[in-house]
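Colleague: Need a 3D model of the following:
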Amino acid sequence: MYCSLAFLLPLLHLLSICTAASLPMEVVKVKSNVKQLSEQLLVRLKNFQFPAGRTLSPAAGDLDRLSATVMILDGYNSLISDTLNGVSQIKADISCLTRHLDQWRQGHCNKQRPKPSVPEPLQKLQSHKDLIDTVSFEALLRVKEILVVLLKNLDNLEIC
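Modeller: Numbers count the residues shown, from 1 in each chain. This is a model prediction of the structure:
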């Protein structure tokens with residue numbers, strides 16, 4: 001009995017070390033995937049033809065929490081009109097990034113948090129859905145802005 005116990009304890013210790021080491025590797029992989037998807041999306045947005053003179057007021061929203069980032073990206077993506085020329089791949093990429101972030105959030109964030117509030121710029125655009133092209137262009141610019149912030153703060157992916 002003591003022999004099997006002596007064999008079992010080091011095995012359990014080794015298992016706990018391997019399990020603990022896998023989490024940081026998973027985080028590194030997620031950050032790498034998010035970085036790659038975000039950079040690819042930024043390239044598409046930089047190549048997109050925006051009307052001249054479009055500028056944004058500051059504040060993309062609170063991107064301190066993963067759930068807020070997912071909600072904001074999804075909100076802006078829903079406002080981008082499918083009728084704009086060249087946005088279908090951009091919308092697909094935003095959806096892919098949002099799904100990736102949401103899957104990470106669901107698997108990583110155990111504790112239920114209150115639903116993040118919708119930032120003012122997103123609320124404003126949602127209230128002007130009748131201006132389809134204007135809202136779409138601003139939503140695209142907001143996504144571009146969010147991606148820049150997201151890339152600068154990849155460590156925030158660990159904050160639920």
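Colleague: shaky segments in the chain?
Modeller: Across the chain, the ranges flagged by pLDDT under 70 are 1-23, 55-64.
Colleague: where exactly do the helices run in it?
Modeller: Taking DSSP state H, the helices of the chain run over residues 2-47, 66-79, 88-108, 120-126, 132-152.
Colleague: Now these in TSV, please, with extra columns for mean neighbour count and distance to Gly53.
Modeller: All C-beta atoms are positioned from the backbone trio N, CA, C, and that covers glycine. Formatted as TSV, those follow (neighbours: other C-beta atoms under 10 Å; distance: least, C-beta to C-beta, whole Å):
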stretch	mean neighbour count	distance to Gly53
helix 2-47	12	17
helix 66-79	21	20
helix 88-108	17	21
helix 120-126	16	18
helix 132-152	19	11
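Colleague: Turn those into JSON lines, columns for distance to Glu158.
Modeller: Output for the helices of the chain, formatted as JSON lines (distance: least, C-beta to C-beta, whole Å):
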{"stretch": "helix 2-47", "distance to Glu158": "6"}
{"stretch": "helix 66-79", "distance to Glu158": "8"}
{"stretch": "helix 88-108", "distance to Glu158": "8"}
{"stretch": "helix 120-126", "distance to Glu158": "24"}
{"stretch": "helix 132-152", "distance to Glu158": "13"}
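Colleague: so which of those comes closest to Ile159?
Modeller: Ile159 sits nearest to helix 66-79 of all those, at 6.3 Å, using C-beta to C-beta.
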